[in-house]
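Peer 1: I'll drop the sequence and a predicted model, then ask my questions.
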Amino acid sequence: MRSDEIKKGITRVPHRSLLYATGITKESMNKPFIGIASSFSDIVPGHVGMRDLERWIERGVCAGGGVPFVFGLPAICDGIAMGHSGMHYSLPSRELIADSVESVARAHGLDGLILLTNCDKITPGMLMAAARINIPSIVVTAGPMLTGFCGGKRRSLARDTFEAVGLLQAKKITQEESDILEIKTCPGAGSCQGLYTANTMSCLTEVLGMSLPGCATAMANSAEKKRIAYDSGYTIVKMIEQNITPRRIMANNAFHNAIVADMALGGSTNTILHLMAIGHEAGVDVSLDWFDKISKIVPHIIMLEPAGNHYMEDLDRAGGMPAVLNTLVNKLKPSITVTGKNIIEIAKAGKIYDHEIIKSKNPYSPEGGIAILYGNIAKNGAVVKVSAVKSNMLRFNGTARVFDSEEKAMVAILGKKIKKGDVLVIRYEGPKGGPGMREMLGPTSTLQGMGLSDSVALLTDGRFSGGTRGPCIGHISPEAAERGEIAALQDGDIINIDIPGRKLNVRRTDSELNGRLAKWSAPEPKFKIGYLARYAKLVTSANTGAVLK
C-alpha cells in the first residue's frame with residue numbers, strides 16, 4: 001500500500017506514534033488509509049450539509065476495510081461572490097483546491113481519496129487533483145437544492161433573485177415582492193436548482209466515470225444521497241485492491257462521453273474550461289474544436305432552468321444521468337468507471353421515467369446546447385450557450401457599447417443607457433485581465449429582468465454563470481489583456497453574430513484593427529500583491545482551459 005511509506009519499518013517509529021495520537025488502533029495500521037477531502041463550509045449553501053455526508057462516507061470506508069481521515073478544503077459560493085471583487089477569486093480557487101488535495105494526499109501517503117464536493121470550481125479542482133496524483137479516487141457531489149416556492153410556483157436562484165434586480169429596476173415587481181423572493185427562493189442546502197455550473201459538473205463527473213451512478217442528481221439531504229456516500233466509501237477500498245485509478249478512468253473516451261453529455265444537457269459554458277483543465281492534468285488533449293465537432297452530431301434533449309422550466313429534482317425523478325445516457329448510448333465510447341463497470345453497461349441499464357424531461361424521441365434541437373464561435377474578434381474562439389438563446393437572436397447585428405469592467409457596464413445598464421440593438425462588450429475580465437475571469441450573471445440577469453435579453457447581446461473575455469440566458473458570448477480569446485482584438489473595439493462598431501454559422505466578427509478590416517492595437521498599451525495590474533497577482537502572471541488563455549503554467 002502507498003501508506004506503507006509512512007507506517008511500515010523501524011524508521012517509522014515516530015510516524016506511527018503520531019498516527020496513534022489521532023486515536024487509530026494498531027490493527028488499523030494494516031488497513032488502507034483513505035482521505036476524505038471535504039469542502040464543508042458554513043457559508044456555502046451547496047456545502048452546509050456535508051458534515052452528515054462525511055459520517056456516511058466514514059461508515060462506508062470502515063465497512064469496506066479502510067481507515068478514514070477527513071481533511072478540509074476551501075469553498076467559494078459563486079452566487080455570493082458574484083458582481084463584486086470576490087468573484088476574482090472564484091476560478092483561481094480551482095487551482096488552490098487541486099494543489100491542496102495533492103499536497104495533503106502526497107504528504108501523508110494516502111492510499112485512496114473520497115472527494116466530497118458540490119459547487120462550481122470545487123468539483124473540477126478535485127478532479128484535476130485526482131488526475132494529477134492518480135491514486136484511486138471517487139467523487140461524491142453533495143446534491144442539488146430543492147426549488148423554492150412562492151406566489152404559486154417553483155422558484156430558483158438565477159431566474160427569481162438575480163433577474164429580480166432588473167425587474168425591480170424596471171418597476172415590474174414591487175420591493176415587497178422582491179423581499180419575498182429573496183427569502184423563499186433558496187429553501188435549504190444544495191447546489192443551485194438549475195443546470196448551472198455546479199450541477200452540470202456533477203452530471204459530467206458521473207459520465208466521466210468518477211462518481212457512482214445516480215450521484216449527480218440525488219438531492220441534497222436525501223436518504224439516497226446518504227446511501228451513495230456510504231457506497232462510495234465502501235467502493236474506494238475495492239478500487240484500491242483492483243488499482244482502478246483516475247487516469248485509467250479519465251482517458252480519451254471518458255472525455256468524449258462527457259462532452260456528448262454536455263451537449264445533450266445544454267449545460268453551463270464553464271464546463272468547457274473545466275474539462276480542458278481536467279484533461280490537461282489527465283494527459284488528454286481536450287480542445288475547443290472537439291466540443292464543436294461533437295455538438296454538431298449530438299441532439300439537445302434536456303431543457304432545465306435557466307433555459308427551460310424544469311429543475312434538477314425533475315431530472316432525478318426522470319431517471320437521472322443513467323437515463324440520459326440510455327438515450328445517447330449510440331454516441332458513447334467504452335470507458336471504465338469507479339464501479340468497475342463500463343459506462344456503456346450503465347447507459348443500457350438506465351431507464352427514462354418521464355419523456356417530457358428527457359426528450360429521447362423529440363429533441364429540442366438536432367444539435368448540442370453549446371457552440372464555439374470564431375472570427376476577427378475571437379481568433380482563438382469564443383463560447384455561447386445556444387440552448388439558452390431564443391431563435392430570433394441566433395443571428396444578430398448590433399452596435400458596440402464598450403466597457404472595460406463589469407462594474408462600468410452595470411452602471412450603464414441600471415442607468416438605462418443600454419438600448420435595443422446594442423451589443424454590450426465587457427473586456428479586461430479574462431483570466432489575466434480580470435484576473436480570474438469573472439462571471440457576468442449580474443449584467444445578463446439584469447438585462448433579462450429589464451426585458452432586453454431579446455434585443456441586446458453581450459460579449460466578454462470573461463465568463464458567464466450557468467444561470468445565464470440570452471445571446472451572451474464569453475471566453476473570447478485572445479483576451480484584451482493579451483492584446484486580443486476585443487481590446488481594439490470601440491463604441492459604434494458594428495458587431496455581427498452568427499451562431500448557426502459559428503462566426504463572430506466586427507465590421508472592421510484587419511488593418512483597421514491592427515492600427516488600433518498598435519496604439520494599445522497594457523493596463524496596470526489590478527492586483528499587485530497576493531495570490532491573484534501570482535495567478536495573473538501564470539494563467540493561460542481561456543481557449544486552453546485557463547490552467548497555470
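Peer 2: Received, thanks.
Peer 1: For the residue nearest to I336 when sequence neighbours are not counted, give me its contacts.
Peer 2: Using CB to CB, 6 or more residues apart in numbering and skipping residues adjacent in sequence, the residue nearest I336 is I249, 5.7 Å away. (Glycine included, C-beta is placed from N, CA and C.) Going by CB atoms under 8 Å, 6 or more residues apart in numbering, I249 touches 208-210, 335-338.
Peer 1: Ok, N496 next?
Peer 2: Here N496 is in contact with 375, 397, 503-507 (CB under 8 Å, 6+ apart).
Peer 1: Can you report phi and psi for F291?
Peer 2: Dihedral angles of F291 (phi, psi; degrees, to the nearest 10) stand at phi -60, psi -50.
Peer 1: thinking again about what came up before, let's have the contacts of I249 in JSON lines, adding neighbour count, secondary structure and pLDDT.
Peer 2: Below are these laid out as JSON lines (neighbours: other CB atoms under 10 Å; DSSP: H, G, I helix; E, B strand; the rest coil; pLDDT from 0 to 100):
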{"residue": "L208", "neighbour count": "28", "secondary structure": "helix", "pLDDT": "98"}
{"residue": "G209", "neighbour count": "28", "secondary structure": "coil", "pLDDT": "98"}
{"residue": "M210", "neighbour count": "28", "secondary structure": "coil", "pLDDT": "98"}
{"residue": "S335", "neighbour count": "23", "secondary structure": "coil", "pLDDT": "98"}
{"residue": "I336", "neighbour count": "17", "secondary structure": "strand", "pLDDT": "98"}
{"residue": "T337", "neighbour count": "22", "secondary structure": "coil", "pLDDT": "98"}
{"residue": "V338", "neighbour count": "25", "secondary structure": "coil", "pLDDT": "98"}
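Peer 1: helix, strand or coil for I97?
Peer 2: For I97, the secondary structure call by DSSP: H, G, I helix; E, B strand; the rest coil comes out as helix.
Peer 1: If you drop the residues flanking it in sequence, what lies closest to it?
Peer 2: That would be G125: by CB to CB, 6+ apart, it lies 3.0 Å from I97.
Peer 1: Touching, that neighbour and L91? I think so.
Peer 2: No. Look at G125 against L91 with CB atoms under 8 Å: they stay out of range, at 9.9 Å.
Peer 1: Look up how far C119 lies from A81.
Peer 2: Distance check for A81 against C119: by CB to CB, to the nearest Å, it reads 11 Å.
Peer 1: Compare the two and say which one has the larger neighbour count.
Peer 2: C119 (30 against 20; other CB atoms under 10 Å).
Peer 1: Next, C472: phi, psi?
Peer 2: phi -120, psi 110.
Peer 1: could you say which helix or strand contains the spatially closest residue to it that is not a sequence neighbour?
Peer 2: Excluding the flanking residues, the one nearest C472 by CB to CB, 6+ apart is L458, at 4.6 Å. Assigned by DSSP states H and E, L458 belongs to strand 457-460.
Peer 1: next structured bit after that strand?
Peer 2: From strand 457-460, the next helix or strand downstream (DSSP H and E) is strand 472-474.
Peer 1: Please enumerate residues in contact with the strand holding L458?
Peer 2: Outside strand 457-460, the residues that reach it (CB under 8 Å, 6+ apart) are 377, 382, 393, 396, 398, 422-427, 429, 440, 443-444, 447, 470-474, 476, 486, 495, 497, 504.
Peer 1: mind checking how far that strand is from the chain centre?
Peer 2: Here the centre of strand 457-460 is set off from its chain's centre by 20 Å, with CA atoms, centre = their mean, to the nearest Å.
Peer 1: do stretch 512-528 as well
Peer 2: On CA atoms, centre = their mean, the centre of stretch 512-528 falls 30 Å from that of its chain.
Peer 1: contact partners of it?
Peer 2: Taking CB under 8 Å, 6+ apart as the rule, stretch 512-528 contacts 88, 376, 404, 428, 433-435, 481, 483, 485, 487-488, 490, 506, 532-533, 536.
Peer 1: rerun that using 7 Å as the cut-off
Peer 2: The contact list for stretch 512-528, computed with CB atoms under 7 Å, 6 or more residues apart in numbering, reads 376, 428, 435, 481, 483, 485, 487-488, 533, 536.
Peer 1: Strands of the stretch 251-400 of the chain, residue ranges please.
Peer 2: 370-375, 378-385, 395-403 (DSSP state E, counting those that start in this stretch).
Peer 1: what about these, which gets the closest to L18?
Peer 2: Minimum separation from L18 across those (CB to CB) falls at strand 378-385, 48.1 Å.
Peer 1: Average pLDDT for the closest one, rounded please.
Peer 2: Average pLDDT, strand 378-385: 95.
Peer 1: go on, stretch 306-319?
Peer 2: On average, stretch 306-319 scores 94.
Peer 1: which residues sit against that stretch?
Peer 2: For stretch 306-319, using CB under 7 Å, 6+ apart, the contacting residues are 144, 146-147, 154, 156, 158-159, 193-194, 199, 217-219, 266, 302-305, 350-354, 357-358, 387-388, 467-469.
Peer 1: Kindly write the PyMOL command that selects the buried subset of the contacts of N496.
Peer 2: To isolate the buried subset of the contacts of N496 in PyMOL, counting by 16 or more other CB atoms under 10 Å, use the following:
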select buried, resi 375+504+505+506
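Peer 1: could the contacts of N496 be laid out in a markdown table, adding distance to N309 and secondary structure?
Peer 2: Output for the contacts of N496, formatted as a markdown table (distance: CB to CB, whole Å; DSSP: H, G, I helix; E, B strand; the rest coil):
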| residue | distance to N309 | secondary structure |
| --- | --- | --- |
| G375 | 33 | strand |
| N397 | 30 | strand |
| K503 | 31 | strand |
| L504 | 29 | strand |
| N505 | 34 | strand |
| V506 | 35 | strand |
| R507 | 37 | coil |
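Peer 1: Take the contacts of N496 and lay them out in CSV including pLDDT and distance to E102.
Peer 2: Shown next, in CSV, are the contacts of N496 (pLDDT from 0 to 100; distance: CB to CB, whole Å):
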residue, pLDDT, distance to E102
G375, 97, 38
N397, 95, 48
K503, 97, 41
L504, 97, 37
N505, 98, 42
V506, 97, 42
R507, 97, 48
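Peer 1: just the contacts of N496 now: which is nearest A258?
Peer 2: L504 (25.3 Å).
Peer 1: re the thing from before, can you redo the strands of the stretch 251-400 of the chain as CSV with distance to K417?
Peer 2: Converted to CSV, those look like this (distance: least, CB to CB, whole Å):
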stretch, distance to K417
strand 370-375, 26
strand 378-385, 24
strand 395-403, 8
